[in-house]
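*Asks:* what would the 3D arrangement of this be:
(2 chains)
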Amino acid sequence: MADPDEALRELLGAEPPGAVLALDAVTRADLAGVIADARRHQARSLAEAFEATLKHVPFPVRGVVKRVLGA
Amino acid sequence: MTAPDSAAEIQKLAHQLGVEPTRLAALTGVPAGDLRILRTQIADALFEADKPRFAKIAALSKAVPTAVAARLTEYAMPPLLAARTAELIEPRRAADLVGRLSDGYLADVSAAMDASRAAEVVAEIPADRIATIGAELARRAEWVVIGGFVAHVSAPALAAAVQVFDGEQLLRIGFVLDDKDRLDDVSQLVTDVQIDAMLAAASKHGLWTELDDLLAHLTADRAGRMRDRFGVAPAKIVAATQAAAASGRLSQDSLAKLTA
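*Replies:* Residues are numbered from 1 along each chain as shown, chains lettered A, B, ... in the order given. The predicted structure follows:
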């Protein structure tokens, strides 16, 4: 995502505040990178949490539970 | 809004993004109101990004009796997943579930939770449990988490929680409160001993920005108690406070509230 404003809009799903868009391009790109990292970290952490939870489900029904939960 | 407001917002934004506040130093000039909007936008985006996954867990949990769900949750579900799921469960059921979880696990879940997304659940948690969890979160230095909860806990719970915090903790929590209007409530609840401890902590730990922010948000009446305690504070604390004001680390307005 080369354009930092587009990256921010896409990551936030909303129009960023004016004062944020008024920051210099390097800062806007850096902010977009930090938000993208947080989103990746959350996805990874939740996936790991999900797997950890599934380990407590008896093996014979684990596949069914996994499919139901979309894991 | 003031410069301390922006600094507090950057601290909350950093917590949300999992980075140190210094990593966001370039945002220092952004007004606090815009930083708050940005933080809300990020929270919404993070919540929506993985919502389908934990929405299914929340739906599944309805099929199990609460007592069983509580045992299963604590046994099998990591706190992050439990926090996200709790934000989607019907509030009364979630409150019932929370009531059956151990203190340690509930503190873990609280640290991972966005209190504003589970405000009705937080409001239902009994005062003694809020105090216990608050003390544990303070031990972990989870100031932003506590600051988010303060906006939503019941009045009795707030009173119980305030009792367990020391001066340093009160200053650090007050600085990042999501609802600064509650500072007035908190200032009513603190004892003279806690006010003395706040003044001492500002001096000992250099928490001048936090003290400045607190005084800026107190009504004249509430600031009067701070002034009274400052009037009988040890000489070294008075000297340190005056030095902080002279060097600009504490505003002249705040010094005036303590001395006028």
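
*Asks:* point to the residue nearest the middle of the chain.
*Replies:* I went with chain A, as the question did not name one. Centroid-nearest residue in chain A, with Cα atoms, centre = their mean: A:Arg39, separated by 2.5 Å.

*Asks:* hm, I was asking about chain B
*Replies:* By Cα atoms, centre = their mean, chain B has its centre lying nearest to B:Gly147, at 1.1 Å.

*Asks:* how near is that residue to B:Glu9?
*Replies:* 11 Å (Cβ to Cβ, to the nearest Å). In this view, the C-beta of every residue, glycine as well, is placed from N, C-alpha and C.

*Asks:* returning to that earlier point: what about the closest residue to the residue nearest to the centre of chain B other than its chain neighbours, neighbour count?
*Replies:* Closest residue in space to B:Gly147, ignoring its immediate chain neighbours: B:Val176 at 3.9 Å, by Cβ to Cβ, 6 or more residues apart in numbering or on different chains. As a burial measure, B:Val176 scores 22 neighbours (other Cβ atoms under 10 Å in any protein chain shown).

*Asks:* correct me if wrong: B:Val176 contacts B:Trp143.
*Replies:* Yes - look at B:Val176 against B:Trp143 with Cβ atoms under 8 Å: they come within range, at 5.3 Å.

*Asks:* between the two, what contacts are shared?
*Replies:* Residues touching both B:Val176 and B:Trp143 (Cβ atoms under 8 Å, 6 or more residues apart in numbering or on different chains) are B:Gln11.

*Asks:* how about the backbone phi and psi for the residue nearest to B:Gly147?
*Replies:* Dihedral pair for B:Val176: phi -110, psi 20, per degrees, to the nearest 10.

*Asks:* so what's it up against?
*Replies:* By Cβ under 8 Å, 6+ apart, the contact list for B:Val176 reads B:8, B:11-12, B:143-144, B:147.

*Asks:* out of those residues, the closest to chain A would be?
*Replies:* Of all those, chain A sits closest to B:Lys12, with 13.4 Å by Cβ to the nearest Cβ.

*Asks:* where's that closest one, which helix or strand?
*Replies:* Element membership for B:Lys12, per DSSP states H and E: helix B:3-17.

*Asks:* hmm, who's touching that helix?
*Replies:* By Cβ under 8 Å, 6+ apart, the residues outside helix B:3-17 that reach it are A:34-35, A:37-38, B:20-21, B:23-25, B:27-32, B:35-36, B:38-39, B:42-43, B:46, B:143-145, B:147, B:175-176, B:178, B:209-210, B:212-213, B:216.

*Asks:* restricted to helices, list those residues.
*Replies:* Among those, the members found in helices (DSSP state H) are A:34-35, A:37-38, B:32, B:35-36, B:38-39, B:42-43, B:46, B:143-145, B:147, B:175, B:209-210, B:212-213, B:216.

*Asks:* so what pLDDT did residue 7 get?
*Replies:* All of this refers to chain A. Looking at A:Ala7, its pLDDT reads 94.

*Asks:* my bad, chain B
*Replies:* Looking at B:Ala7, its pLDDT is 91.

*Asks:* now do it against chain A, distance only.
*Replies:* 15 Å (Cβ to the nearest Cβ, to the nearest Å).

*Asks:* find the nearest non-adjacent residue to the residue nearest to the centre of chain A, please.
*Replies:* B:Ala49 (5.8 Å).
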